[in-house]
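okay, sequence plus prediction incoming.
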Amino acid sequence: MAALIYLADDDPGLLEVFSAFLENAGYEVRSFPTGDDLAAEFARREPDLVVLDVMMPGTDGLAICKSLRAVSNVPIVILTAKDSEMDYMHGLAIGADDYLTKPFSPSMLVMRVKALLRRVEMGRASSPAANDLSFADITLSHVAHEARAAGTSLNLTMTEFSLLRCLLEAKGTAVSREVLLNKVWGFDAEVETRVTDETVRRVRRKLRDAGSATQIKAVWGYGYKLEAAS
């Protein structure tokens with residue numbers, strides 16, 4: 001069964017082009033001229049992935065993203081204006097899984113969608129041996145899709161969960177930004193790594209809020225690693 005994608009953008013031309021490319025890639029697409037229309041349909045039927053433009057009439061895409069994230073872990077891609085750094089930073093901070101800056105090619109959107117949905121499928125197909133991971137006071141259950149630190153649930157998004165899992169699998173050794181980008185988002189090293197850094201920042205905050213003694217340490221010029229308190 002084809003994955004269902006909801007796409008909201010107030011530009012009819014872009015909606016038509018993006019929808020056509022995604023449908024040609026084998027997806028079922030529902031398009032909406034506003035985020036409010038998308039949210040109303042989301043309440044009736046949850047899709048497999050959401051694509052949201054930031055600047056739309058009515059409720060803006062960032063507010064819609066935040067409201068969807070409060071009730072669902074569905075993958076969300078936000079579309080931001082050129083050079084609008086605050087939009088993508090805010091979007092990632094409130095739980096978006098990825099972003100694209102306009103203008104971009106429709107094939108790039110298809111690539112990002114495929115990568116996110118492939119990660120969802122890989123998660124569902126994980127072997128029992130990969131279900132449980134632990135490091136210091138952090139535990140992760142893949143079957144339950146839950147990570148805990150110091151006994152407290154971290155309430156991670158899908159992307160945050162995947163990133164923490166990669167760090168846990170490394171058992172305290174450093175993981176490069178490029179490896180994280182490829183494993184978590186499915187992209188090559190040529191894609192900018194700001195999305196990785198912002199996701200690490202969010203996971204760090206959730207670990208602190210949970211009272212964890214384990215930290216995500218930056219390895220200068222390379223990447224990140226988990227480090228337990230001595």
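Arrived safely, thanks for sending.

what's the pLDDT at residue 63?
At residue 63, the pLDDT value in this model is 93.

for the protein, just list every one of the helices.
Applying DSSP state H to the chain gives helices spanning 12-24, 35-44, 61-69, 85-93, 106-124, 158-169, 177-180, 194-209.

got JSON lines for the ones you listed, with mean neighbour count and distance to residue 216 too?
For the C-beta atoms, the positions are set from N, CA and C on the backbone; glycine is no exception. Listed next are those as JSON lines, based on neighbours: other C-beta atoms under 10 Å; distance: least, C-beta to C-beta, whole Å:
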{"stretch": "helix 12-24", "mean neighbour count": "15", "distance to residue 216": "34"}
{"stretch": "helix 35-44", "mean neighbour count": "17", "distance to residue 216": "32"}
{"stretch": "helix 61-69", "mean neighbour count": "21", "distance to residue 216": "21"}
{"stretch": "helix 85-93", "mean neighbour count": "18", "distance to residue 216": "16"}
{"stretch": "helix 106-124", "mean neighbour count": "16", "distance to residue 216": "20"}
{"stretch": "helix 158-169", "mean neighbour count": "21", "distance to residue 216": "7"}
{"stretch": "helix 177-180", "mean neighbour count": "19", "distance to residue 216": "11"}
{"stretch": "helix 194-209", "mean neighbour count": "18", "distance to residue 216": "5"}
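
would you turn those helices into CSV with distance to residue 132?
Output for the helices of the chain, formatted as CSV (distance: least, C-beta to C-beta, whole Å):
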stretch, distance to residue 132
helix 12-24, 36
helix 35-44, 32
helix 61-69, 26
helix 85-93, 28
helix 106-124, 14
helix 158-169, 10
helix 177-180, 21
helix 194-209, 18
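
ok, which of these comes nearest residue 152?
Comparing those against residue 152 with C-beta to C-beta, the closest turns out to be helix 194-209 (8.2 Å).

please export the C-alpha coordinates of that closest one as PDB.
C-alpha atoms of helix 194-209 as PDB (Å, rounded to 0.1, in the frame of the first residue of the first chain):
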ATOM      1  CA  ARG A 194      22.900  22.000  10.600                       C
ATOM      2  CA  VAL A 195      20.000  19.600  10.900                       C
ATOM      3  CA  THR A 196      22.200  17.200  12.800                       C
ATOM      4  CA  ASP A 197      23.600  19.800  15.200                       C
ATOM      5  CA  GLU A 198      20.100  21.100  16.000                       C
ATOM      6  CA  THR A 199      18.800  17.600  16.700                       C
ATOM      7  CA  VAL A 200      21.700  16.900  19.000                       C
ATOM      8  CA  ARG A 201      20.900  20.100  20.800                       C
ATOM      9  CA  ARG A 202      17.300  19.000  21.400                       C
ATOM     10  CA  VAL A 203      18.400  15.600  22.700                       C
ATOM     11  CA  ARG A 204      20.900  17.200  25.000                       C
ATOM     12  CA  ARG A 205      18.200  19.400  26.500                       C
ATOM     13  CA  LYS A 206      15.900  16.400  27.000                       C
ATOM     14  CA  LEU A 207      18.700  14.500  28.800                       C
ATOM     15  CA  ARG A 208      19.300  17.400  31.100                       C
ATOM     16  CA  ASP A 209      15.600  17.800  31.800                       C
END
